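**Q** Whatever this is, show me its structure:
(chains A and B)
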Amino acid sequence: MRFMLLQDYGGVESDCPPMAQWTPEEIKAHIDFQNTLNAELLERGELIEAQGLSVPERAKFVVSDGVSAPVITDGPYPESKELLAGYRMVDVETLDRALEIAARASAAPGINGAPIRQRIEVREVMSAPDPEV
Amino acid sequence: MTTGPATEGLLRELAPRALGAVVRRYGHFADAEDAVQEALLAAATTWPTDGQPDDPLAWLIRVASRRMADTYRRDDARRRREELAATRSFIPPGPVPAHDDTLILMLMCCHPALTAASAIPLTLRAVGGLSTREIAAAFLVPEATMAQRISRAKAKIKASDEPFRLPPPGTGGERMRSVLHVLYLIFNEGYAASDGPDLARTDLSGEAIRLARAVHAAVPQDAEVTGLLALMLLTDARRPARTGADGELVPLAGQHRALWDRALITEGVTLITGALRQGQVGEYQVQAAIAAIHDQAASHASTDWPEILALYGLLERMTGNPMVTLNRAVAAAMTHGPGAGLALLDDLGDRLGDHHRLHSVRAHLLEQAGDTGAAVAEFQAAAARTSNLREQRYLITQAARLSTSNKT
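**A** Presented below is the predicted three-dimensional model:
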């Protein structure tokens, strides 16, 4: 089963401030944590992909009717907290295992190494149909 | 690196024989498997340019043996030698028929310590002779991730210290069941993905059939192995008709039967007829028998539904699987009318939960019964619950078709 584990900029349930206010050591600890988790997932044969996305200010929104020139909106956005910050795609044997990985990711360290309690959205990826249809 | 299909086919054929020989000589299934994989890659690179050696199997065994020897020289030689001495005692002397090695390797790969998800790639590599890259591409997983899955699987087998030999007569039943299950899953994986956009994906259905043929050749008297091979052939025969021009799913009832592969059907029917005559009926044989009836019918309507109904009844008693009951409901509806099918679905919810297939079967039966409104609701409920993209499209389309015809 494939799952996308998604995290946005807003869903931090601790009172941890944005990363711009952390010390370099705290940022390094956070990145090390993510790298270690990815290495572990790779080692277990579960990792498909892990990516962080560029900051919301650099996001663009595109809307088109397919005929006239598309409408392209540049940041910054008032609703930037709703934007995706990064994702992991994992291929695991059970939903429980996906939830376990999400829980690990949620507890990534922030200020003073305290867990930031990032909200992780867990979504199953649609698969190919069963043969018996 | 490009390998001609001839070389590729030959290498896959020789892979289990080379591995069997190297394990017999050196012990250590896990290391031997790595060594043979390297030899296969070397062959795929050099043979197309340098020409194929006179004795390809001997070449592979020689190159793999050299890799094994190199590995042993490199690290902790003494411990290795001791382990080797310990494993050697398990290796039966003398030449061994190629079929036996294929079967032993299958049984090793479908070790009880492994989940099916680990056993599948290991089987494809060790017995099927596929490269890690090919397996990774087939399952749409990065190569490094797939390599880890395979090496973890091998580490588990190594830890179990299992000797490399056929299980003593009468003790291999459970393991044989796992072998058949793993082959069945590989087939299904390929069958489900067979019409995806990525043509580079290895044909897993074809690989599963090839491996099932090899196991069948090793134990031709095993009726369930024969049944599984027949089931694969009889299902694969319908593959060309299973998708429409735009890649959409075409259910059995709507398939253009002239597209079915007659040669596969003939072979499958012959196999299953022979297996059933042996009198030890198992699940795969019953499923193959059902597939054979479908494949031989001129149309969906003229199918021998009473026979299919009876076979699903038998399969239900053998397995207790609620998905089988679902199929029996379809057969009951075709035999006795939609009301009979719907009645069977009534108490199925307790056992099957809120499964999308239950909703979609109910939708079809309600439509047959003329209850269009309820059918639309059930198609929508099914579409909301499936995690299969193309199935979801099919179900939404059905709901839309009925709602539209309802309005006009």
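
**Q** which residue does chain B bring closest to chain A?
**A** In chain B, the residue that lies nearest chain A is residue B:149 (3.2 Å; Cβ to the nearest Cβ). C-betas here are computed from N, CA, C, even on glycine.

**Q** Up against chain A, what does the stretch 201-350 of chain B have?
**A** B:235, B:249, B:251, B:323, B:327 (Cβ under 8 Å from any Cβ of the partner chain).

**Q** Would you confirm that the last one contacts residue B:312?
**A** Yes. In terms of Cβ atoms under 8 Å, residue B:327 counts as a neighbour of residue B:312; the distance is 5.3 Å.

**Q** doesn't residue B:9 make contact with residue B:44?
**A** No. In this structure, residue B:44 is not within contact of residue B:9 by Cβ under 8 Å, at 11.5 Å.

**Q** who has more neighbours, these two?
**A** Neighbour tally, residue B:44 and residue B:9, criterion other Cβ atoms under 10 Å in any protein chain shown: the higher count belongs to residue B:44, 17 against 13.

**Q** Tell me the pLDDT of that one.
**A** pLDDT for residue B:44: 92.

**Q** buried ones in the helix or strand hosting it?
**A** Element membership of residue B:44 [criterion: DSSP states H and E] is helix B:29-50. The neighbour-count check on helix B:29-50 (16 or more other Cβ atoms under 10 Å in any protein chain shown) flags B:29-41, B:43-44, B:47-48 as buried.

**Q** What's the separation between the closest residue to chain B within chain A and residue B:111?
**A** Ranked by Cβ to the nearest Cβ, the top residue of chain A for proximity to chain B is residue A:45, at 3.2 Å. Distance of residue A:45 to residue B:111, given as Cβ to Cβ, to the nearest Å: 16 Å.

**Q** Which of these two has more residues huddled nearby?
**A** residue A:45 (23 against 19).

**Q** So residue B:288 belongs to a helix, correct?
**A** Yes. Judged by DSSP: H, G, I helix; E, B strand; the rest coil, residue B:288 forms part of a helix.

**Q** need the contact list for it.
**A** Applying Cβ atoms under 8 Å, 6 or more residues apart in numbering or on different chains to residue B:288 gives the contacts B:227-228, B:230-231, B:234, B:268, B:271-272, B:275.

**Q** Mind putting the residues you listed into a markdown table with neighbour count, secondary structure and pLDDT?
**A** Listed next are those as a markdown table, based on neighbours: other Cβ atoms under 10 Å in any protein chain shown; DSSP: H, G, I helix; E, B strand; the rest coil; pLDDT from 0 to 100:
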| residue | neighbour count | secondary structure | pLDDT |
| --- | --- | --- | --- |
| B:227 | 27 | helix | 98 |
| B:228 | 30 | helix | 98 |
| B:230 | 30 | helix | 98 |
| B:231 | 27 | helix | 97 |
| B:234 | 28 | helix | 97 |
| B:268 | 25 | helix | 98 |
| B:271 | 25 | helix | 98 |
| B:272 | 27 | helix | 98 |
| B:275 | 27 | helix | 97 |
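
**Q** care to break chain B down by domain?
**A** B:1-90, B:305-346, B:354-408 (automatic domain parsing).

**Q** now those in a markdown table, with distance to residue A:78?
**A** Shown next, in a markdown table, are these (distance: least, Cβ to Cβ, whole Å):
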| stretch | distance to residue A:78 |
| --- | --- |
| domain B:1-90 | 53 |
| domain B:305-346 | 50 |
| domain B:354-408 | 33 |
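
**Q** which residues touch residue A:126?
**A** B:387-389, B:392.

**Q** Among those residues, the buried ones, what's the ChimeraX command?
**A** The ChimeraX selection below is limited to those of those classed as buried (16+ other Cβ under 10 Å):
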select /B:388,392
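
**Q** Name the nearest of the contacts of residue A:126 relative to residue B:216.
**A** residue B:388 (30.6 Å; Cβ to Cβ).

**Q** Can you check what pLDDT the model gives the closest residue to residue B:312 other than its chain neighbours?
**A** With sequence-adjacent residues excluded and distances taken as Cβ to Cβ, 6 or more residues apart in numbering or on different chains, residue B:312 is closest to residue B:328, at 3.7 Å. pLDDT, residue B:328: 95.

**Q** How about residue B:74?
**A** So residue B:74 comes in at 72 (pLDDT).

**Q** roughly how far apart are it and residue B:26?
**A** For residue B:74, the distance to residue B:26 - Cβ to Cβ - is 15 Å.

**Q** cool, and residue B:157?
**A** For residue B:157, the distance to residue B:26 - Cβ to Cβ - is 15 Å.

**Q** Now for the residue nearest to residue B:298 when sequence neighbours are not counted, how many residues are close by?
**A** Computed as Cβ to Cβ, 6+ apart, the closest residue to residue B:298 that is not its neighbour in sequence is residue B:257, at 7.3 Å. When neighbours are counted by other Cβ under 10 Å, residue B:257 registers 14.
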